[in-house]
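Novice: Show me the folded form of this:
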Amino acid sequence: MRNAEIEDFLLQRTNINKIEEIYHFQEEKPYKIVFAKTKEDEERILFIDLAESLDEKAIYTIDRSQYLSQNDIETKWKENCERCTMKQSQPAFINRKPLWEITYVDEENRYYMTYYSLKDGSIYEQMKFTRKYSKKDD
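Specialist: The predicted model follows:
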């Protein structure tokens, strides 16, 4: 589903009146994660299940003021991983839990995908990948 279709649906059929950012996240099912504002100027995050038909039942909504921000999560990550290099940072949604995914490389050149809870910043899940070979130039 294209972002334009999602924007049209949200602006016409919900109390959302401003779309700030749209992300794609793939878990077992694909999701669009939308940062938006309501007509009352309240900030929301909407997790839209793309495996379902686009209606209100396919949308899980949270109030952004009740959760940690991207900056909060990234600051906590950096404090715990000072020598790491961030590759990507984006919202995620696993088992109906609002999360933040940070992918990075540590000082030993290991690649990580870590999912942090938006509620309290705790690690929900972490995957570590190690290279089984050396680069030609290493």
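
Novice: Now the strand or helix carrying T61 - C-alpha only, CSV.
Specialist: In the assignment (DSSP states H and E), T61 maps to strand 59-63. Only the C-alpha atoms of strand 59-63 are listed here, as CSV (Å, rounded to 0.1, in the frame of the first residue of the first chain):
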residue,chain,number,x,y,z
ILE,A,59,-4.9,0.7,13.2
TYR,A,60,-3.3,0.5,16.7
THR,A,61,-2.8,4.1,18.0
ILE,A,62,-0.8,5.4,20.9
ASP,A,63,-0.4,8.9,22.5
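
Novice: What strands line up against that strand, and which way round?
Specialist: strand 43-49 (antiparallel) (DSSP bridges).

Novice: re the thing from before, for the strand holding T61, the averaged confidence score.
Specialist: Mean pLDDT, strand 59-63: 97.

Novice: Pull the residues that contact it.
Specialist: Contacts of strand 59-63 from elsewhere in the structure, counted by Cβ atoms under 8 Å, 6 or more residues apart in numbering, are 14, 42-49, 93, 96, 98, 118. C-beta coordinates here come from the backbone N, C-alpha and C atoms, glycine included.

Novice: Including distance to Q26, pLDDT and neighbour count, could those residues go into JSON lines?
Specialist: Shown next, in JSON lines, are these (distance: Cβ to Cβ, whole Å; pLDDT from 0 to 100; neighbours: other Cβ atoms under 10 Å):
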{"residue": "T14", "distance to Q26": "24", "pLDDT": "94", "neighbour count": "16"}
{"residue": "E42", "distance to Q26": "28", "pLDDT": "97", "neighbour count": "13"}
{"residue": "E43", "distance to Q26": "25", "pLDDT": "97", "neighbour count": "17"}
{"residue": "R44", "distance to Q26": "22", "pLDDT": "98", "neighbour count": "20"}
{"residue": "I45", "distance to Q26": "17", "pLDDT": "98", "neighbour count": "21"}
{"residue": "L46", "distance to Q26": "17", "pLDDT": "98", "neighbour count": "21"}
{"residue": "F47", "distance to Q26": "13", "pLDDT": "97", "neighbour count": "21"}
{"residue": "I48", "distance to Q26": "13", "pLDDT": "97", "neighbour count": "21"}
{"residue": "D49", "distance to Q26": "12", "pLDDT": "96", "neighbour count": "18"}
{"residue": "F93", "distance to Q26": "10", "pLDDT": "98", "neighbour count": "23"}
{"residue": "R96", "distance to Q26": "15", "pLDDT": "94", "neighbour count": "8"}
{"residue": "P98", "distance to Q26": "16", "pLDDT": "98", "neighbour count": "21"}
{"residue": "L118", "distance to Q26": "18", "pLDDT": "97", "neighbour count": "24"}
